[in-house]
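Asks: The following block contains a protein sequence and its predicted model.
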Amino acid sequence: MSVPSTIDHRATSYSVAHAYWLAKASDLAYKDEATIEKQARAWGFDRVRHHQSRFSPPFPLQDTQAYTAVSDSMIITAFRGTEPVQIKDWLSDATTPPRPGPGGTGYVHHGFAEALESVYPAVRDTLAGYRTNGQSVWFTGHSLGGALAMLAGARMYLEEPRLAADGVYTYGQPRTCDRLLATAYNRGFRNRMYRFVNNNDVVPQMPPEPAFTHVDALRYIDSHGKLHESMPVLSSLTDRARGLTADILAPAGDGVRDHFMDAYLTALEKNLA
């Protein structure tokens, strides 16, 4: 299979091609507004809305950014992530306890919930205003953006079911919630949520268990770039061994190199060949 020239607005189910294009949409979230609008229109989306909020210290992130791209057949909301060195303080911030999850189900990482809350009303209102043609809706994001995409999906599903996403695809997502919310999410998003992890990417290993856990539907990329529907036991042990370094988020570390969005895009493109 060769790389399609653009995203398929009629896609309704999982495919590597769809995963690749939602990864491209996640990568685009890192760009400036003009670049986002130009590229989204080149992909066939005629409407784009930007969502941004800024925070004051001591909140560990300066802002939250996302965009929503709309066509007559598809809507994508992509959340921007953050750099691995910055996410280190973000994930290790234990000054506040987890907060109740969407719809009062389980608990979620306090910082992730705060970051999402800052843009959630705008995302919700945008979907309510533009989902007028039965369009499919997709949430996506890389790194921190993946955590926000997952939580946005959970909030829509549990609190705004008429706006529930048709799918959520994340790349290098950290652990976000407790087992109770993960169980509810797995039930509601069976065959609709896909969490991609690239080999030794360290961010999906944080924050630590058992307080936080992952949702199901893992798609694991091994050291050769091959995509699997689960993480082989040997690879899992290798990942843990390699993670035992003095600084697992050191810029030169394998865990950081595997976290970069370019690494995910390269691997997914390879699996289309």
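Replies: The structure has been received and is ready for your questions.
Asks: Distance-wise, check the residue nearest to A11 when sequence neighbours are not counted relative to P161.
Replies: In this structure, A11 finds its nearest non-sequential neighbour in H18, 4.7 Å apart by CB to CB, 6 or more residues apart in numbering. In short, each C-beta sits where N, CA and C put it, glycine included. To P161, H18 is 23 Å away according to CB to CB, to the nearest Å.
Asks: Compare neighbour counts for those two and give me the winner.
Replies: Per other CB atoms under 10 Å, whichever of H18 and P161 has more neighbours is H18, with 19 against 10.
Asks: how about the more buried one, what does it touch?
Replies: Shown in contact with H18 (CB atoms under 8 Å, 6 or more residues apart in numbering): 7-8, 11, 169.
Asks: What about these, which are in helices?
Replies: Assignment to helices by DSSP state H places none of those there.
Asks: Enumerate every residue touching the residue positioned nearest the centre of the chain.
Replies: Nearest residue to the geometric centre of the chain (CA atoms, centre = their mean): G146, 1.8 Å. The neighbours of G146, taking CB under 8 Å, 6+ apart as the test, are 26, 79, 81, 140, 170-174, 195.
Asks: Let me have those in CSV, adding neighbour count and secondary structure as columns.
Replies: Shown next, in CSV, are the contacts of G146 (neighbours: other CB atoms under 10 Å; DSSP: H, G, I helix; E, B strand; the rest coil):
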residue, neighbour count, secondary structure
S26, 29, helix
F79, 30, strand
G81, 30, coil
T140, 32, strand
T170, 34, strand
Y171, 34, strand
G172, 29, coil
Q173, 27, coil
P174, 24, coil
R195, 20, strand
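Asks: any chance of those in a markdown table, with distance to R155 and pLDDT too?
Replies: Putting those into a markdown table (distance: CB to CB, whole Å; pLDDT from 0 to 100) gives the following:
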| residue | distance to R155 | pLDDT |
| --- | --- | --- |
| S26 | 19 | 98 |
| F79 | 13 | 97 |
| G81 | 19 | 90 |
| T140 | 15 | 98 |
| T170 | 15 | 98 |
| Y171 | 20 | 97 |
| G172 | 21 | 95 |
| Q173 | 16 | 94 |
| P174 | 18 | 91 |
| R195 | 17 | 97 |
